[in-house]
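> generate coordinates for the sequence data below:
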Amino acid sequence: MEGKGHTHKIFSGDPVHQHSLIHRRVRVTTSDLKEHTGWVYTIDPVSESVILVNFIGEEKEVTIVLGYNIKSLTPLDDTPPPGLADAVDSIFKKEQDNS
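Numbers count the residues shown, from 1 in each chain. As a prediction, the model looks like this:
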């Protein structure tokens, strides 16, 4: 248990802001000053880890940036292009057999 005056960041974070970043292109800078750019699939509200997706031709790249290592997160686009949400989500959904 944490001492008096210390509140876990899950209680002080802004879940509405985190949710507004889903399917948006962002740049994440880590504490070692590396930059990761991609489309946000999700943000864990407890650890604040970010899962980014990039499309490189036919290939898909997934990057997990651990929350404790994030120095800044900057949105690069206000709205995702049409079809992006489905493309990102399809990476993580199992294909169902229709037979």
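> hey, let's count contacts and neighbours off CA atoms from now on
Noted.
> and the gap between residue 14 and residue 46?
Per CA to CA, to the nearest Å, residue 14 is found 11 Å from residue 46.
> wait, I meant residue 26
20 Å.
> ok, now residue 34?
Per CA to CA, residue 34 is found 23 Å from residue 46.
> residue contacts, residue 73?
The neighbours of residue 73, taking CA atoms under 8 Å, 6 or more residues apart in numbering as the test, are 26-29.
> so which of those wins on neighbours?
Neighbour tally across the contacts of residue 73 (other CA atoms under 10 Å): the maximum, 22 neighbours, falls on residue 28.
> you'd agree that one is up against residue 37?
Yes - counting by CA atoms under 8 Å, residue 28 does reach residue 37; the two are 6.2 Å apart.
> I'd like the next helix or strand past the longest strand along the chain.
Using DSSP state E to define each element, the chain has its longest strand at strand 35-43. Once the chain leaves strand 35-43, the next helix or strand it forms, by DSSP states H and E, is strand 50-56.
> what are the pairing partners of that next one, and which direction each?
Sheet pairing for strand 50-56, assigned by DSSP bridges, gives strand 35-43 (antiparallel), strand 59-65 (antiparallel).
> show me the contact partners of that strand.
Contacts for strand 50-56 (CA under 8 Å, 6+ apart): 37-44, 60-67, 88.
> how about it: buried residues?
Under the neighbour-count criterion of 16 or more other CA atoms under 10 Å, strand 50-56 has 50-54 buried.
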